[in-house]
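A.B. asks: no sequence for this one, just the structure:
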């Protein structure tokens, strides 16, 4: 695999992680709004949805942060 393909795939992976992070946040926001405005008697559905979205956002955010730290960590002086 050439170096340009590796760089392109890493960039694509970072964009997909950022998109997944934002989608997770959107699910949390939709669950919070649904919890507040719905006359649904059992709020467990919105709670589980919010927790699921939060877990997805947290995992994607941490992986994206780790990816960005390794990106900028390679330029550290003294290595």
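C.D. replies: Okay, I see it. Predicted model only: the values in this text are computed from it and were never measured.

A.B. asks: C-alpha from now on. contacts and neighbour counts both.
C.D. replies: Fine.

A.B. asks: correct me, but residue 49 touches residue 28?
C.D. replies: Yes: using C-alpha atoms under 8 Å, residue 49 is in contact with residue 28, at 7.1 Å.

A.B. asks: When the two are compared, which one has more neighbours?
C.D. replies: Ranked by neighbour count (other C-alpha atoms under 10 Å), residue 49 and residue 28 place residue 28 first, with 24 against 17.

A.B. asks: The more buried one and residue 34: what is the separation?
C.D. replies: With distances taken as C-alpha to C-alpha, to the nearest Å, residue 28 is found 10 Å from residue 34.

A.B. asks: Could you do residue 19 as well?
C.D. replies: The gap separating residue 19 from residue 34 is 22 Å, by C-alpha to C-alpha.

A.B. asks: How about residue 45?
C.D. replies: Distance from residue 45 to residue 34, by C-alpha to C-alpha: 10 Å.

A.B. asks: Compare the two and say which is more crowded by neighbours.
C.D. replies: The neighbour comparison of residue 45 against residue 34 (other C-alpha under 10 Å) goes to residue 34, with 17 against 12.
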